[in-house]
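heads up, no residue letters with this:
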């Protein structure tokens, strides 16, 4: 099920008006599928963890593995490591299934302290992201960092990695 199917308010029907894919409700993204660049299914988003001091989305909790929801392993994936694939209505995480299987993970009854500096460093190092770096966009800019210019509907940016959209629900403009 894609975010369009979970859009109870109809805000994504016309991306030229309303929030569109640049701003999205977290509830419409929970359950969103996550694939890698080899088109392998890596699971789905179970939760978003917000940094209450910065107002940014810190991590997405990805559920992977198991059978019929049993035995799934959970992974805290830095939000900057995810890209929204607006064509296929899913997220892209640029890791192989094998690499994800060896990523630091946890089970539903034993969550780590996601606010600890040690945890943050470990996770960002594993996925090659920087804490507070913003969201990777299709233009190669990093959304959510730098200063806001608001020119041509653009939100401040600095150089970064390639993604597939300019969407950043954690950005404060």
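Noted; the coordinates are in hand. If you're wondering where the values come from, they're calculated on a predicted model, not measured in any experiment.

and the helices in the protein?
26-29, 97-101, 117-127 (DSSP state H).

in the longest one, what counts as buried?
Of the residues in helix 117-127, those with enough neighbours to count as buried (16 or more other Cβ atoms under 10 Å) are 120, 123-124, 126-127. C-beta: built from backbone N, CA, C; applies to glycine.

number of residues surrounding the spatially closest residue to residue 94 that is not a sequence neighbour?
The shortest distance from residue 94 to any non-neighbouring residue, by Cβ to Cβ, 6 or more residues apart in numbering, is to residue 37 (5.7 Å). Residue 37 has 11 neighbours, counted by other Cβ atoms under 10 Å.

now the one 5 residues further on
Around residue 42 sit 24 other residues, with neighbours defined as other Cβ under 10 Å.

tell me the contacts of the nearest residue to it once chain neighbours are set aside?
Nearest non-adjacent residue to residue 42, counting by Cβ to Cβ, 6+ apart: residue 34, 4.6 Å away. Neighbouring residues of residue 34 by Cβ atoms under 8 Å, 6 or more residues apart in numbering: 41-45, 62, 82, 90-93.

and stretch 80-92, what's its mean pLDDT?
In this model, stretch 80-92 has a mean pLDDT of 92.

how far does that stretch stretch from start to finish?
End-to-end distance for stretch 80-92, by Cα to Cα, to the nearest Å: 11 Å.

so for that stretch, what gets flagged as buried?
80-86, 89-92.

likewise stretch 22-35?
22, 24-25, 28-30, 32-35.

dump those to a markdown table, plus distance to residue 100 and pLDDT.
Formatted as a markdown table, the buried residues of stretch 22-35 follow (distance: Cβ to Cβ, whole Å; pLDDT from 0 to 100):
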| residue | distance to residue 100 | pLDDT |
| --- | --- | --- |
| 22 | 27 | 73 |
| 24 | 24 | 81 |
| 25 | 26 | 83 |
| 28 | 24 | 84 |
| 29 | 19 | 89 |
| 30 | 19 | 91 |
| 32 | 16 | 92 |
| 33 | 14 | 94 |
| 34 | 9 | 96 |
| 35 | 11 | 97 |
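
who's in contact with stretch 36-44?
31-35, 62-65, 72, 92-97, 100.

would you mark the buried spots in it?
So, applying 16+ other Cβ under 10 Å, buried residues of stretch 36-44: 36, 42-44.

taking the buried residues of stretch 80-92 one by one, which sit in strands?
With DSSP state E as the criterion, strands contain 82-85, 90-92 from among these.

that concludes my questions; thank you for your assistance.
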